[in-house]
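Undergrad: Whatever this is, show me its structure:
(one chain, ligands or ions: 4)
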Amino acid sequence: MKTLKIASIPGDGVGKEIMPEAIRVMEKVADVHGGLKFDFEEFPYSCDYYLKHGAMMPEDGMDRLSQFDSVFLGAVGDASKVPDHISLWGLLLKIRQEFQQEINIRPAKLLKGINSKLANPQDFDIVVVRENSEGEYSSIGGRIFHDDNEIAIQNNVFSKRATKQAMNIAFDLASKRKGLVTSATKSNGIFHAMPFWDEIFDEISAKHPNIKSESKHIDALAAYFITHPHELDVVVGSNLFGDILSDVGAAIMGSIGVAPSANLNLNGKYPSMFEPVHGSAPDIVGKGIANPIGQIWTAKMLLEFNGEANIAEHLLKVIEAVTADGYQTPDLGGKYKMTEVTDEIINRLGK
Ligand SMILES: NC(=O)c1ccc[n+]([C@@H]2O[C@H](COP(=O)([O-])OP(=O)(O)OC[C@H]3O[C@@H](n4cnc5c(N)ncnc54)[C@H](O)[C@@H]3O)[C@@H](O)[C@H]2O)c1
Ligand SMILES: O=C(O)C[C@@H](O)C(=O)O
Ligand SMILES: [K+]
Ligand SMILES: [Mn+2]
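TA: Ligands and ions are numbered 1, 2, ... in the order given. Below you'll find the model as predicted:
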């Protein structure tokens with residue numbers, strides 16, 4: 001029997017609602033698999049935890065999480081309790097950076113039966129590879145002076161190592177898919193970092209003569225996601241560009257409530273972390289209508305990266321059969337509650 005030790009962090013808002021749903025599904029997956037068991041331990045790290053303890057997690061929090069095979073997270077953030085930059089840097093970004101989860105994989109493809117927000121979408125299947133450790137998400141900088149003279153400086157950090165790594169992952173992925181890598185740039189406006197990014201992209205492209213490659217400025221690329229998503233395959237972007245493009249990808253899928261993501265540690269020193277693309281959705285908390293599919297599809301990615309590709313594919317097929325038959329929450333235009341969608345997925349998983 002293979003046991004996967006999973007640290008679950010429901011977090012805030014709808015994170016607390018969808019996490020139990022995904023865990024119900026995973027228990028059923030383990031049951032159907034027969035040779036797999038999950039050993040879950042829940043950690044209450046969240047904005048409520050901050051209000052009680054003055055920090056998003058205890059001092060030994062990272063040590064404790066490091067004992068697990070994977071971290072499974074819901075959503076972080078409740079601006080009514082803690083400013084967003086404090087909660088994100090104290091938990092989500094802390095885990096990404098300290099566990100060296102330098103790559104964030106965010107698929108965007110249409111599931112059967114789900115209406116894209118596009119009027120006439122052609123079939124698309126995109127993977128956004130987001131550099132996940134540096135770029136625009138840097139704590140280098142500061143503020144000086146007061147009142148109208150106040151100045152804020154925020155430094156971006158682009159290393160050749162991490163940039164190359166993200167691009168190499170993108171080319172590897174493309175070689176197993178349609179064979180196209182699109183780089184998100186803005187080298188016309190961002191004077192230092194983006195020409196650097198483009199040079200590295202050209203260098204890596206030259207090493208992969210069998211993969212097509214192209215660069216598009218982020219503004220035009222964001223529009224291209226809307227007008228030509230079917231022309232894209234793998235898209236590689238900096239931390240911020242990848243963040244924005246993955247929300248656009250989610251929107252054209254039909255709702256951010258379905259979009260999954262994997263924050264990957266590639267050096268094996270720390271666990272990877274799996275969490276849906278969306279946040280805590282304060283506007284729908286407590287209504288029982290959060291879409292559980294983002295978290296459940298994320299569980300599929302957790303299974304895949306823990307060596308369980310077959311059952312992971314089965315789970316995604318079942319999710320798709322359920323959406324195809326119209327079991328959808330209101331964000332997708334459906335009438336079903338969160339738990340009803342989950343129940344249907346569990347029923348169809350098999351024995
Ligand atoms: N990775 C994360 O944990 C993460 C991601 C994004 C935002 N946040 C945080 O979440 C909070 C809210 O941020 P936001 O409003 O910009 O983004 P959000 O993703 O929470 O919500 C955006 C919109 O999508 C909807 N939505 C999100 N998840 C849904 C689901 N599962 N089912 C149905 N609808 C869903 C919401 O109702 C809202 O209308 C902030 O504190 C932000 O910092 C965290
Ligand atoms: O990375 C972020 O900025 C937080 C959130 O928006 C995300 O996409 O995970
Ligand atoms: K999330
Ligand atoms: Mn985001």
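Undergrad: what secondary structure does the residue nearest to Asp198 when sequence neighbours are not counted sit in?
TA: Once flanking residues are discounted, Asp198 sits nearest to Ser187: 4.9 Å by CB to CB, 6 or more residues apart in numbering. The way it works is simple: take the backbone N, C-alpha and C, and place the C-beta from them, glycine included. Put simply, Ser187 is coil when judged by DSSP: H, G, I helix; E, B strand; the rest coil.
Undergrad: got a list of what Ser187 touches?
TA: Ser187 is in contact with Met194, Pro195, Trp197, Asp198, Ser215, His217, counting by CB atoms under 8 Å, 6 or more residues apart in numbering.
Undergrad: Most neighbours out of these, which is it?
TA: Trp197 (28 neighbours; other CB atoms under 10 Å).
Undergrad: Check whether it really touches Thr185, as I assumed.
TA: Yes. With contact defined as CB atoms under 8 Å, Trp197 reaches Thr185; the gap is 5.9 Å.
Undergrad: Ala299: neighbour count?
TA: Ala299 has 25 neighbours, counted by other CB under 10 Å.
Undergrad: With Tyr50 instead?
TA: 20.
Undergrad: Would you mark the buried spots in whichever strand or helix holds it?
TA: Assessed by DSSP states H and E, Tyr50 sits inside helix 47-53. Residues Cys47, Tyr49, Tyr50 are the ones in helix 47-53 that count as buried (16 or more other CB atoms under 10 Å).
Undergrad: so the first one makes contact with Pro83?
TA: No. At 9.8 Å, Cys47 and Pro83 do not qualify as touching, with contact defined as CB under 8 Å.
Undergrad: Just the strands from the chain, written as ranges.
TA: Here the chain has its strands, by DSSP state E, at 2-11, 36-42, 70-75, 103-109, 125-131, 141-144, 151-154, 180-185, 212-217, 234-237, 262-264, 272-274.
Undergrad: Please identify which of those is closest to ligand 1.
TA: strand 70-75 (3.9 Å; CB to the nearest ligand atom).
Undergrad: angle of the closest one against strand 36-42?
TA: 50 degrees (axes from the mean of the first three to the mean of the last three CA atoms, to 10 degrees).
Undergrad: Relative to strand 70-75, what are the paired strands and their orientations?
TA: If you go by DSSP bridges, strand 70-75 pairs up with strand 2-11 (parallel), strand 272-274 (parallel).
Undergrad: most neighbours per residue, which of those strands?
TA: strand 272-274 (a mean of 26; mean count of other CB atoms under 10 Å).
Undergrad: Touching that strand from outside, list them.
TA: 70-73, 95-96, 99, 101, 260-265, 298-299, 301-302, 305.
Undergrad: Kindly provide the distance from whichever residue of the stretch 251-351 of the chain sits closest to ligand 3 to ligand 1.
TA: Ligand 3 sits closest to Glu275 of the stretch 251-351 of the chain, with a gap of 4.0 Å, by CB to the ion. Plainly put, Glu275 is 6 Å away from ligand 1 if you go by CB to the nearest ligand atom, to the nearest Å.
Undergrad: surely that residue meets Gly77?
TA: No. Assessed by CB under 8 Å, Glu275 is found out of contact with Gly77, at 11.9 Å.
Undergrad: Of those two, which one has the most company?
TA: Per other CB under 10 Å, whichever of Glu275 and Gly77 has more neighbours is Glu275, with 29 against 24.
Undergrad: Against Ile346, how distant is the more buried one?
TA: 21 Å (CB to CB, to the nearest Å).
Undergrad: Next: Met56.
TA: Per CB to CB, Met56 is found 32 Å from Ile346.
Undergrad: Just want to know which of the two has more residues nearby.
TA: Set Met56 next to Ile346 and count neighbours by other CB under 10 Å: Met56 wins out with 24 against 20.
Undergrad: Just give the nearest non-adjacent residue to the more buried one, would you?
TA: Closest to Met56 by CB to CB, 6+ apart is Gly90, at 3.2 Å.
Undergrad: Over to Ser80?
TA: Closest to Ser80 by CB to CB, 6+ apart is Pro282, at 7.4 Å.
Undergrad: Give the burial count for that neighbour, as a bare number.
TA: Neighbour tally, Pro282, other CB under 10 Å: 15.
Undergrad: Quick one: residues contacting it.
TA: Contacts of Pro282 (CB under 8 Å, 6+ apart): Gly13, Asp78, Ala79, Ser80.
Undergrad: rewinding a little: can you redo the strands paired with strand 70-75 as a markdown table with mean pLDDT and distance to ligand 2?
TA: Output for those, formatted as a markdown table (pLDDT from 0 to 100; distance: least, CB to the nearest ligand atom, whole Å):
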| stretch | mean pLDDT | distance to ligand 2 |
| --- | --- | --- |
| strand 2-11 | 98 | 11 |
| strand 272-274 | 99 | 10 |
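Undergrad: want to throw these into CSV with distance to Ser66?
TA: Listed next are the strands paired with strand 70-75 as CSV, based on distance: least, CB to CB, whole Å:
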stretch, distance to Ser66
strand 2-11, 9
strand 272-274, 12
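Undergrad: Run through the residues of this structure sitting next to ligand 3.
TA: Contact residues, the chain versus ligand 3 (CB under 5 Å from the ion): Ala75, Glu275, Pro276.
Undergrad: For whichever residue of the stretch 51-200 of the chain sits closest to ligand 1, give me the backbone phi and psi.
TA: Nearest residue of the stretch 51-200 of the chain to ligand 1 (CB to the nearest ligand atom) works out as Gly77 at 2.2 Å. When read as degrees, to the nearest 10, the backbone of Gly77 gives phi 130, psi 130.
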